[in-house]
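Peer 1: I'll drop the sequence and a predicted model, then ask my questions.
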Amino acid sequence: DQQVKQNSPSLSVQEGRISILNCDYTNSMFDYFLWYKKYPAEGPTFLISISSIKDKNEDGRFTVFLNKSAKHLSLHIVPSQPGDSAVYFCAASAAGGTSYGKLTFGQGTILTVHP
Amino acid sequence: DGGITQSPKYLFRKEGQNVTLSCEQNLNHDAMYWYRQDPGQGLRLIYYSQIVNDFQKGDIAEGYSVSREKKESFPLTVTSAQKNPTAFYLCASSMPKGYRTEAFFGQGTRLTVV
């Protein structure tokens, strides 16, 4: 039962253009969402997050949008740079119960930014 | 210089052997986690611990065991009962604050069964 899904295994964009990575979730108890970036043979690094009380959070070139009714979030990178090429994971957590503190991850999307 | 240290970076195991992966953090985080990464499957939770001397099974705990005797340490043992242990293992820690959980990850251990 995949509670967090990233349906696009890969995405290729041109340098300077916008990259849009998508994520869907099924568990309505999730109320905090995160994006991580991962290079091969390294641990993921935290990128940006959003709580369910917001619909947008921005940090420099990175913006995360949350549509609670659709159970969908997206990460926008503008402008895209070759150094952004990596695997991007979305993750979700719930505030209470036995799931407190646990992060559930999607399968990841490989982003390639071409010069 | 705070962080999470996993060792070794590469580990080879013969079939039938148990191996233990080390994870140490000096971030003073209460919670620690073990994830496994396989190609195309993202990160799957093996075990997690929210406080010392307590831990819970994640989604794929079979064939693994953990201990949490110290706040700083959360070693993972891959037992011979784990049928497909070759994978990239990631340890993480966090300090849950209300609903916020931003986990910090180590650099990972690549385990290969030979």
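Peer 2: Thanks, I have the structure now.
Peer 1: any weak-confidence spans in chain B?
Peer 2: Low-confidence regions of chain B, defined here as pLDDT under 70, cover residues B:1-2, B:96-99.
Peer 1: One more pass at 50, please.
Peer 2: Along chain B, the model assigns pLDDT under 50 to no residue.
Peer 1: where exactly do the helices run in it?
Peer 2: With helices called from DSSP state H, chain B shows none.
Peer 1: Spell out which residues of it are next to chain A.
Peer 2: Residues of chain B found near chain A (C-beta under 8 Å from any C-beta of the partner chain) are B:4, B:6, B:31, B:33, B:35, B:40-45, B:48, B:50, B:56, B:58, B:88, B:90, B:92, B:94, B:96, B:98-108, B:110. All C-beta spots, glycine's among them, are computed from the backbone N, C-alpha and C.
Peer 1: Drop anything exposed from those residues.
Peer 2: Neighbour-count burial (16 or more other C-beta atoms under 10 Å in any protein chain shown) is assigned, among the residues of chain B next to chain A, to B:4, B:6, B:31, B:33, B:35, B:42-45, B:48, B:50, B:58, B:88, B:90, B:92, B:94, B:96, B:99-106, B:108.
Peer 1: Inside strands: which ones of the residues of chain B next to chain A?
Peer 2: Residues of the residues of chain B next to chain A located in strands (DSSP state E): B:4, B:6, B:31, B:33, B:35, B:43-45, B:48, B:50, B:56, B:88, B:90, B:92, B:94, B:104-105, B:110.
Peer 1: so the residue of chain A found nearest chain B, which of the three states?
Peer 2: At 3.3 Å from chain B, A:G43 is the closest residue in chain A, using C-beta to the nearest C-beta. Following DSSP: H, G, I helix; E, B strand; the rest coil, A:G43 is assigned to coil.
Peer 1: and the residue lying closest to it once chain neighbours are set aside, what are its bridge partners?
Peer 2: With C-beta to C-beta, 6 or more residues apart in numbering or on different chains as the criterion, A:G43 has its nearest non-adjacent residue at 3.3 Å, and that residue is B:F105. In this entry, B:F105 is beta-bridged to B:A92, by DSSP bridges.
Peer 1: Equivalent analysis for A:F30, please.
Peer 2: Taking DSSP bridges as the rule, A:F30 bridges to A:A94.
Peer 1: Cross-check the contact I'm expecting between it and A:S93.
Peer 2: Yes: assessed by C-beta atoms under 8 Å, A:F30 is found in contact with A:S93 at 6.7 Å.
Peer 1: more crowded one of those two?
Peer 2: More crowded of A:F30 and A:S93, by other C-beta atoms under 10 Å in any protein chain shown: A:S93, with 25 against 22.
Peer 1: per-residue confidence for the more buried one?
Peer 2: Looking at A:S93, its pLDDT stands at 88.
Peer 1: That one reaches A:T104, doesn't it?
Peer 2: Yes: A:S93 is within contact range of A:T104, at 7.2 Å (criterion: C-beta under 8 Å).
Peer 1: which neighbours do these two share?
Peer 2: Residues touching both A:S93 and A:T104 by C-beta atoms under 8 Å, 6 or more residues apart in numbering or on different chains: A:F30.
Peer 1: Spit out the contact partners of the closest residue to chain A within chain B.
Peer 2: Using C-beta to the nearest C-beta, the closest approach of chain B to chain A is made by B:F105 at 3.3 Å. B:F105 sits next to A:36, A:43-45, B:4, B:90-92 when contact means C-beta under 8 Å, 6+ apart.
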